[in-house]
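K.L.:
Show me how the following folds:
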Amino acid sequence: MKEATKAAWTRWRQNPFNHLIFHELIKRERDVVLKEYRFTTGRVAVGVAVGEPEKTMETIGPSTVLLIGDRSYSALKAIDAALSWWEAEISQIEQEARAK
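P.N.:
Predicted coordinates:
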C-alpha cells in the first residue's frame, strides 16, 4: 500500500493538469490548513493557477462559481468532483497495492 500511495503522489505531481481538482482545490485547501495554520471555511482563493500564490479570497455562497482549470463549478459541484476524483484515485491505489 505504501508503494502504491507513493506512486500516486508522484503521478499527481508529474501530471498536474490531469489532476487539476486535486491541485487547485483539494491540495490547496489542505496546505492552507496544515502549512499556514489558517482555515478558509466558507472562503476560496480565486484566479489562482497551479503553483501560483493566492490572489484574492471570496466568500462561497450558493451562486459562487469556482474556476478549476478551464472548467467552472458551483461550490457543490466542485465538492462532488473532488469526491469523485478521490474515489477513482483510491480505487487505483488499492488495485496497484493488490497487484504488488
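K.L.:
just checking, Leu67 is part of a strand?
P.N.:
Yes. Leu67: assigned to a strand according to DSSP: H, G, I helix; E, B strand; the rest coil.
K.L.:
pretty sure Glu3 is touching Ala97, no?
P.N.:
Yes. Assessed by CB atoms under 8 Å, Glu3 is found in contact with Ala97 at 7.4 Å. C-beta here means a position set from N, CA and C on the backbone, and glycine is covered the same way.
K.L.:
other SSEs contacting the longest helix seen in the chain?
P.N.:
Secondary structure of the chain per DSSP state H: the longest helix is helix 75-99. With contacts taken as 3 or more CB pairs under 8 Å, 6 or more residues apart in numbering; DSSP states H and E, helix 75-99 sits against helix 2-14, helix 20-21, strand 65-68.
K.L.:
Tell me which residues of that helix come out buried.
P.N.:
By neighbour count on 16 or more other CB atoms under 10 Å, the buried set for helix 75-99 is 75, 78, 81-82, 85, 93.
K.L.:
closest to Arg11 among those?
P.N.:
Ile93 (9.9 Å; CB to CB).
K.L.:
could you list every residue that touches that closest one?
P.N.:
By CB atoms under 8 Å, 6 or more residues apart in numbering, the residues touching Ile93 are 1, 4-5, 8.
K.L.:
about what we covered before: okay if I get the helices and strands packed on helix 75-99 as TSV plus mean neighbour count?
P.N.:
Below are the helices and strands packed on helix 75-99 laid out as TSV (neighbours: other CB atoms under 10 Å):
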stretch	mean neighbour count
helix 2-14	12
helix 20-21	19
strand 65-68	16
